[in-house]
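In: sequence and computational prediction follow.
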Amino acid sequence: MVGTLTLAFFLQKRTTALSQGEPAIAPTNDTVKFIPKLMFGINADSFRIEHLKIRRNQFMSSILKERMVADSIIYSVVELSKGVIDLRGIKSGDNYTLFYSPEPEGDLNYLVYEPNKIDYVILDLKYPVGVEKGHKETDTLKISASGVIENSLWESMTELETNPELVFMMSEIFAWQVDFYHLQKGDRFRILYDRVNVDGKPFGISGIHAAWFEHAGEQFYAFKFDADSITGYFDEEGNSLRKQLLKTPLKFYRVTSRYRGQRLHPVQGRYKAHLGTDYAAPSGTPIRSVGDGVVTEATYTRNNGNYIKIRHNSVYTTQYLHMSGFAKGIRSGVSVRQGQTIGYIGTTGLATGPHVCYRFWVNGRQVDAQKQKLPPSEPIPEGLKEEFFLIRDSFKEKLDSIAIFQYDLATRESVPEFN
């Protein structure tokens with residue numbers, strides 16, 4: 001490894017200098033032990049170091065050429081990097097560190113590129129040239145948090161100085177139990193989660209162990225369980241918190257066009273993204289809602305024809321285009337049930353034949369419905385319930401013991417840990 005070899009070399013060099021009478025350290029009867037400062041596994045004490053960020057439209061080759069690195073070395077580094085990192089994909093704003101020989105105008109020995117806060121790649125620019133990928137050490141802290149909703153879950157967790165990722169994870173866990181678009185003032189929550197620190201600073205959330213949410217006076221528990229082929233969040237009795245969505249909006253169909261980045265539009269005659277899946281069926285075939293939800297749009301546009309959009313919860317939304325018409329009673333604001341007929345196959349809008357274009361959103365982003373891997377909605381099997389109940393009891397006791405504070409920004413205390 002580059003870092004290990006470099007460390008061994010400079011320790012040896014430093015020891016030799018001391019034996020020749022270097023006056024930097026006064027002699028004593030005790031054994032002198034030199035402890036180098038390591039950076040990315042490299043002995044930083046032996047280099048002149050420069051910390052920089054990738055500029056816009058800057059390339060790795062240009063960075064190296066500006067530092068007078070020979071073309072042959074640049075070529076070797078690029079070749080060796082294949083399979084380790086794509087040096088053509090460096091991003092503006094990413095950090096990199098340069099290690100020069102200590103003398104003035106010293107040669108560049110190493111360049112360390114950081115594509116994110118954890119990973120790094122060392123480019124060893126001395127013969128023999130080398131490329132090595134490394135990872136910073138991380139610490140995982142078990143954190144407890146609680147709060148009271150004043151306006152939104154986002155604002156409440158911002159006051160707790162938590163990672164925004166935690167808000168999305170909470171909303172996904174309770175997506176079927178709590179309408180996060182209509183939280184009420186006074187709703188409360190408790191969470192037990194793992195926070196990852198890098199260089200002693202918070203980096204991200206690696207997972208939520210358990211959570212409790214009180215919405216409109218109703219309480220909900222969530223316990224993470226991972227055993228055999230079962231993975232997900234379950235309530236106190238071992239029932240999945242997730243309701244299953246139907247895979248398609250039709251009972252009988254054939255797929256005529258899939259979700260893709262570019263396709264030749266059959267009507268407009270130009271290439272454009274197709275952000276849905278087309279299911280063909282005879283005109284008048286019933287179209288069903290893939291899950292419980294609320295109709296947010298039931299209207300007509302020139303391109304979509306008659307279409308319906310349904311918000312199933314704070315995470316999932318679906319849309320159904322080119323209908324010949326809507327089912328009785330379907331309009332914006334009404335609730336629908338899974339499997340309920342909401343409209344009928346047609347050719348309205350930009351359509352060349354009878355079909356429905358089915359579209360799927362996750363957290364406001366359109367995705368390929370056919371590639372979504374939703375966790376199972378089945379309860380925990382009887383054979384695993386005893387194991388689940390042990391986990392449930394342990395985390396429920398911890399959850400119930402968390403005091404809920406209505407934090408004041410001026411007096412907020414640091415986030416506590418739990419065992």
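Out: Received it, and whenever you're ready, just let me know what you need.

In: do you know how far V295 is from A216?
Out: 22 Å (CB to CB, to the nearest Å). Where you see a C-beta, it was placed from the backbone N, CA and C, and this is true even at glycine.

In: and the two? Which one has more around it.
Out: V295 (20 against 11; other CB atoms under 10 Å).

In: for Q184, the count of nearby residues, please.
Out: Neighbour tally, Q184, other CB under 10 Å: 11.

In: return the per-residue confidence for it.
Out: You'll see Q184 listed with a pLDDT of 84.

In: okay, now the spatially closest residue to T341 that is not a sequence neighbour: neighbour count?
Out: Distance criterion CB to CB, 6 or more residues apart in numbering; nearest residue to T341, sequence neighbours excluded, is P286 at 4.3 Å. P286 has 16 neighbouring residues, counting by other CB under 10 Å.

In: just K251 next, same as before
Out: 12.

In: for it, helix, strand, or coil?
Out: Following DSSP: H, G, I helix; E, B strand; the rest coil, the label given to K251 is coil.

In: tell me if I'm right that it and R288 touch.
Out: Yes: using CB atoms under 8 Å, K251 is in contact with R288, at 7.5 Å.

In: and F180, that one's in a strand?
Out: No: going by three-state DSSP, the assignment for F180 is coil, not a strand.

In: do I have it right that it meets L153?
Out: Yes: using CB under 8 Å, F180 is in contact with L153, at 6.2 Å.

In: quickly list what's touching both of these two.
Out: S171 (CB atoms under 8 Å, 6 or more residues apart in numbering).

In: for E114, phi and psi?
Out: phi -120, psi 100 (degrees, to the nearest 10).

In: identify the residues contacting it.
Out: By CB under 8 Å, 6+ apart, the contact set of E114 is 94-97, 120.

In: quick check: longest strand of the protein.
Out: As assigned by DSSP state E, the longest strand anywhere in the chain is strand 201-215.

In: can you give me the helices for the chain?
Out: Ranges of helices in the chain, per DSSP state H, are 2-19, 60-66, 71-81, 153-159, 164-173, 382-400.

In: what residues does the fifth one touch?
Out: What it means is helix 164-173. By CB under 8 Å, 6+ apart, helix 164-173 touches 145, 153-154, 157-158, 180, 189, 191, 193, 204-205, 208, 211, 213, 222, 233, 241, 314-315, 363.

In: before we move on, back to that, quick one, which of the helices of the chain gets closest to Q338.
Out: helix 164-173 (18.9 Å; CB to CB).

In: CA atoms only: put that closest one into PDB for me.
Out: C-alpha atoms of helix 164-173 as PDB (Å, rounded to 0.1, in the frame of the first residue of the first chain):
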ATOM      1  CA  PRO A 164     -31.900  16.400   6.600                       C
ATOM      2  CA  GLU A 165     -31.600  12.700   5.500                       C
ATOM      3  CA  LEU A 166     -33.300  11.800   8.800                       C
ATOM      4  CA  VAL A 167     -36.500  13.700   7.800                       C
ATOM      5  CA  PHE A 168     -36.800  11.700   4.600                       C
ATOM      6  CA  MET A 169     -36.100   8.400   6.400                       C
ATOM      7  CA  MET A 170     -38.800   9.100   9.000                       C
ATOM      8  CA  SER A 171     -41.300  10.100   6.400                       C
ATOM      9  CA  GLU A 172     -40.700   6.900   4.500                       C
ATOM     10  CA  ILE A 173     -41.000   4.700   7.600                       C
END
